[in-house]
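Participant: coords please:
(chains A and B)
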Number of protein chains: 2
Amino acid sequence: MLAKEIFREFKEHSVSEFFRKNAAMLGYTGKIRSLTTIVHEGVTNGIDAAEEAGILPSILVAIKQIGPEHYRVVIEDNASGIPKKFVPQVFGKMLAGTKLHRNVQNRGQQGIGVSGATMFAQITSGKPTKVLTSVGDGEITQMEIMIDVNKNVGKVIGSKRLKEEWRGTRVEFEVKEVNYQRSRYGPFNYLRMTAIANPHVRITFVEPDGTLTIFERATEKMPKRPRPIPPHPWGIRSDDLLSLAKTSKAHTIANFLATELSRVSKKKMGQIERLSGVDLRKSPREMTWEDAERIVSAFKRMKFMSPPTKGLCPIGAKNIERGMSQILNPEFVYAVTRPPKVYRGGIPFIVEAGIAYGGDAGKQGENSEGLEIIRFANRAPLIFDQGGCVMTSAARDVDWRRYGVNPNVTPVTLFLNIISTHVPYTSAGKQSVADEPEVYEEVRSAIMDVARELRRFLNRKIRRREQMKRAGIFERYLPIIAKRAANLAETDEPDVGPLLEKVTGVDFDPEE
Amino acid sequence: MLAKEIFREFKEHSVSEFFRKNAAMLGYTGKIRSLTTIVHEGVTNGIDAAEEAGILPSILVAIKQIGPEHYRVVIEDNASGIPKKFVPQVFGKMLAGTKLHRNVQNRGQQGIGVSGATMFAQITSGKPTKVLTSVGDGEITQMEIMIDVNKNVGKVIGSKRLKEEWRGTRVEFEVKEVNYQRSRYGPFNYLRMTAIANPHVRITFVEPDGTLTIFERATEKMPKRPRPIPPHPWGIRSDDLLSLAKTSKAHTIANFLATELSRVSKKKMGQIERLSGVDLRKSPREMTWEDAERIVSAFKRMKFMSPPTKGLCPIGAKNIERGMSQILNPEFVYAVTRPPKVYRGGIPFIVEAGIAYGGDAGKQGENSEGLEIIRFANRAPLIFDQGGCVMTSAARDVDWRRYGVNPNVTPVTLFLNIISTHVPYTSAGKQSVADEPEVYEEVRSAIMDVARELRRFLNRKIRRREQMKRAGIFERYLPIIAKRAANLAETDEPDVGPLLEKVTGVDFDPEE
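Facilitator: Numbering: from 1, shown residues only, chains lettered A, B, ... in the order given. Predicted coordinates:
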């Protein structure tokens, strides 16, 4: 066939059309998973929005069945609302949002999630997504949004205003080809896991059968607000430096570097100039690729403080323990928040791990026992694509038997959370974290930290059991021996309590 | 914070900007993998292009080291070339290509791959991608292309014409932050796997140290050309039907259905009309969502022949066996091409499996032995993201010991290939296939087919070993017994050969 004929078929797609054809890449695969993905997108957006506005998040999720494989999913938050003119873009345009350009820890980061949910609702039910939102000015905007997939723009199908005092956003997706189930992969478990990792969030959940569950806040304290962390000189690529420079408002490259990167103080400029040979008095708009490459290569030969990590907000070991205790009711729980590290030279991240033993910990359900891994990224649960995730491989590679755990039997739940300004997801579905070597090592270390504590607990438990066994023997025979001895010696029977205590280490005070 | 302030940050991204920030989603993660991904994109494009033009593919790959972590990757094909005006779009625009809209089996399917390679080259080296192409008209177009990531368009940096007789396309990527290695994940193994699954392709490979390897064609026969397969009524969604209808040139819905879907004959129209209540004499442009939904729901209650699968072109069991034999030199090899199946109601696919035992089969390298799984989709090797792939989970779930295989020890290579008009990849990186239940079941069945044959072989092997052992005993003692018996009977010593053969089933002809 000739090139001319072949290229008659040359076409362009919009990003919405791409994800319409490849909805699996956004997590829309399988009837249960697809429903959970919609809940996930709505809930992460709601929590992000409330936190960003400095409001303790209260989220309502209600799922109503309309027909076979046909549901309405309602997600409501108490955040600051969405100005009217942004509604079509937020819900109907992919790759648009308030979080795209900022180096800040967020659950969402791509501007695809919620418009992806609108799209999935639309391609399965043909219905627009209904949005009610108010910024708290006494007026509620109600809009019905669809995506024009050929152009990737949000179309307003219907719109009205209601006079009412309220603040927040309520979204209603009407969706088909999905199923509600209370399984590990269903919305209930998703929300339960969200509650563990977000003790400051109140979640109200209404299931299709009307069951109401409230995951109450375990703390009224608002977590610290994550702050943007400017790129670190060791983590930036020439290409990123150049594209930052092109839009910088600074008058000189020196000024640009000092204000838009972290840890680059004015004092360093002499050294940068010397090592790179670039004139830093030039305008950043005049920076060439070679300049950028030379500056980045100079950075690599210089010393800088590690990236600032105050902007990262982990859950905290105590909160993880509280969350796990509340939900799993275990015999033992322990958690760590590791100190911040960087990957790819300069992207800061923090790993947290928690471990729970006994109670409801461990894999649940018929025929499945042993180690359960629950994964989070920036506090949002990751429940799919477990196999390809760096957290799973790190957990698998641990020699669990060294810690007294048989992964097929011991009832253990391992909690893992990665906090970062940029979580390296493997796919737009954001369910799996890529295998960056530094992240792998850090997850592994965190797991070993908590596994060591578990081993100590299990050893104590074994020791105590042996102790009790030993104590049982003494307790049984010592009084008899004492009695016989007293008979023989014709004296009074002595009090064997203190002796027993001394020998066995167990307190035999009869009043207890 | 107020909504107004928050939404001051509202931004839009182009799809190129999205993948620039999330290059890991396209497979650009790690220095070795990133280099392999570039080779993968160039080679799959080259083979697709040659096959489409009806030309036996000859591909040249040359990797030259320019500096530390700095390489030039050249990929050349002998296909029909690219008309000049399409060059910037093919290499510099994402979501553009000749394969996007067609339901046809292809290695590429998204129009992201090769422009993603241009982008990765550009963000690491700052250099444009050089393209030489000719449609065979005595003129070669040479262009240097970069991507304008803000607009997702290809920019032509330099362009010239050369007068020369040649036909094909040669691309040169200059890339940094990558490393060449001859590991499992490196380009060499990638090309070796490509050769196994594409015995009609000749691949010439020049490594950075100058080593030349030629993977010769194992067959001169051009594989059958895959043909577009129109959507099947059971696999189409209302949304797809509607969007097809909107662009149809047919005058009536009846005509539209008969021409643009497969297996919907004119004879069915009465039944569709009756079951759906939709007037099929209307123009397809007037079709509403409700019409589409009713027609799709009518389809589900009707009988249709299975989707046509003549358009799908598997590798073929014999070719797989030939490919595996050539590369692995095994003791035993067996392959199957399963009959076509469908997933999601109507998307046709074929699973092929091959198994090799002994020789170079099985996991290679230090400390690793046992079962090796090599995965393909539409004949292109998948070497990353193994953990999240349906082929891996199906292989893991097989009870290998029932087939005489200890996955940690037995030297077995399992070959798996999924052929489809639409492979359900989990991510834009196309390295992992989603867990569609029908695909899982079919892969599992294919594995069991080949594993059963392997078990038969292993049983025969064991039987033969026992036979030989038994034969050994007879061989040792029968002559002695015969001699003693002859001595006792004072007769000549008889020829025990025929007897031995009869007793043991082994041929003892001394000439052998």
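
Participant: could you pull out the strands for the stretch 51-200 of chain A?
Facilitator: Secondary structure of the stretch 51-200 of chain A (DSSP state E, counting those that start in this stretch): strands at A:58-67, A:70-77, A:96-97, A:129-134, A:139-148, A:153-163, A:168-176.

Participant: for B:Leu478, which of those is the nearest?
Facilitator: With CB to CB, the closest approach to B:Leu478 among the strands of the stretch 51-200 of chain A belongs to strand A:168-176: 77.5 Å. (C-beta placed from N, C-alpha, C; glycine too.)

Participant: which of the strands of the stretch 51-200 of chain A has the lowest average pLDDT?
Facilitator: The minimum mean pLDDT among those belongs to strand A:96-97 (a mean of 78).

Participant: how far out from the middle of the chain is that one?
Facilitator: What separates the centre of strand A:96-97 from the centre of its chain is 20 Å, taken as CA atoms, centre = their mean, to the nearest Å.

Participant: give the pairing partners of it; include direction for each.
Facilitator: Here strand A:96-97 has these sheet partners by DSSP bridges: strand B:11-12 (antiparallel).

Participant: can you map out the strands along the stretch 201-350 of chain A?
Facilitator: For the stretch 201-350 of chain A, the strands defined by DSSP E, counting those that start in this stretch occupy A:202-206, A:212-215, A:332-337, A:341-343, A:347-357.

Participant: among those, which comes closest to B:Glu372?
Facilitator: So among those, strand A:341-343 is nearest, using CB to CB, at 29.7 Å.

Participant: contact partners of the closest one?
Facilitator: In this structure, residues lying in contact with strand A:341-343 by CB atoms under 8 Å, 6 or more residues apart in numbering or on different chains are A:232, A:234-235, A:306-307, A:348-351, A:424, A:436-439, A:442.

Participant: low-confidence ranges, the stretch 201-350 of chain A, go.
Facilitator: Within the stretch 201-350 of chain A, not a single segment meets pLDDT under 70.

Participant: interface residues of it facing chain B?
Facilitator: By the rule CB under 8 Å from any CB of the partner chain, the part of the stretch 201-350 of chain A lying against chain B is A:237-240, A:242-243, A:289-290, A:292-293.

Participant: domain-wise, how is chain A divided?
Facilitator: As given by automatic domain parsing, the domain ranges for chain A are A:15-215, A:238-300, A:317-458.

Participant: switch those over to CSV; also include distance to B:Ala250 and mean neighbour count.
Facilitator: Shown next, in CSV, are these (distance: least, CB to CB, whole Å; neighbours: other CB atoms under 10 Å in any protein chain shown):
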stretch, distance to B:Ala250, mean neighbour count
domain A:15-215, 20, 21
domain A:238-300, 47, 17
domain A:317-458, 35, 21
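
Participant: of these, which is nearest B:Met222?
Facilitator: Closest among the domains of chain A, using CB to CB: domain A:15-215, at 29.1 Å.

Participant: for A:Thr36, give me its contacts.
Facilitator: A:Thr36 neighbours (CB under 8 Å, 6+ apart): A:185-187, A:190, A:383.

Participant: that one and B:Asn378: what is the separation?
Facilitator: As judged by CB to CB, to the nearest Å, A:Thr36 and B:Asn378 stand 30 Å apart.

Participant: got the angle between the helix of greatest length in chain A and strand A:347-357?
Facilitator: For chain A, the longest helix by residue count, based on DSSP state H, is helix A:437-489. Helix A:437-489 runs at 30 degrees relative to strand A:347-357, counting by axes from the mean of the first three to the mean of the last three CA atoms, to 10 degrees.

Participant: where's helix A:437-489 relative to the chain centroid, distance-wise?
Facilitator: Taking the mean of its C-alpha atoms, helix A:437-489 sits 36 Å from the chain's own mean (CA atoms, centre = their mean).

Participant: so which strand or helix has the closest residue to chain B within the stretch 401-512 of chain A?
Facilitator: Using CB to the nearest CB, A:Ser427 is the residue of the stretch 401-512 of chain A that sits closest to chain B, at 3.5 Å. Under DSSP states H and E, no helix or strand contains A:Ser427.
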